[in-house]
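[1] Next input, structure requested:
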Amino acid sequence: QVQLVESGGGLVQPGGSLKLSCAASGFMFSAFGMLWYRQPVGKERELVAGVSGPGGGTTYADSVKGRATISRDNDKNTVSLQIDSLKPEDTALYYCAKGRGPLYASIRPGGVDYWGNGTLVIVSA
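    Here you go, the predicted structure:
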């Protein structure tokens, strides 16, 4: 069965950096777009970044563009998200997600079919 396990969350000071990782199993990893979403407390879940199956295509939310880098290792079935210059508004539960197909389809509403349990990122002094 599909499993997505996030790691790397924690407490970080404003201006710091954090790298989140997601270990995937149970499907042909390289064939699917992979995404990171986040959900701040009391707000809706939002797309942060996505990467295509082969890894050559990426997309980012405007809120993290220029500060975030999504990458994947198809040999290790992992997808990572690094965010630099962290701000308090980056505080959220971050989720790894498997797309239903290519990246362009995975970022559409209903484009995700599996979610991890999330890893908490708190940006605070």
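
[2] Can you tell me what sits against the helix or strand of the chain with the lowest mean pLDDT?
    In the chain, the helix or strand scored least confidently by mean pLDDT, DSSP states H and E is helix 103-106, which has a mean of 91. Outside of helix 103-106, the residues within contact range by C-beta atoms under 8 Å, 6 or more residues apart in numbering are 32-35, 50-53, 57-59, 97, 99-100, 111-112. Using the backbone N, CA and C atoms, a C-beta is placed for each residue, glycine as well.

[3] Identify the farthest-apart pair in the residues you listed.
    Greatest spatial distance in the contacts of helix 103-106: Thr58 and Arg100, 17.9 Å, computed using C-beta to C-beta.

[4] before we move on, the earlier item: among the contacts of helix 103-106, the buried ones, what's the PyMOL command?
    The buried residues among these can be selected in PyMOL (16 or more other C-beta atoms under 10 Å) with this line:
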select buried, resi 32+33+34+35+50+51+52+53+58+59+97+99+111+112
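
[5] nearest to Val79, of the contacts of helix 103-106?
    The closest of the contacts of helix 103-106, once distances to Val79 are taken by C-beta to C-beta, is Met34, at 4.3 Å.

[6] Distance of that closest one relative to Gly111?
    11 Å (C-beta to C-beta, to the nearest Å).

[7] Relative to Ala125, how far out is the residue nearest to the spatial centre of the chain?
    Centre of the chain computed as the mean C-alpha position; nearest residue by C-alpha atoms, centre = their mean is Trp36, 1.9 Å away. Distance, Trp36 to Ala125, using C-beta to C-beta: 24 Å.
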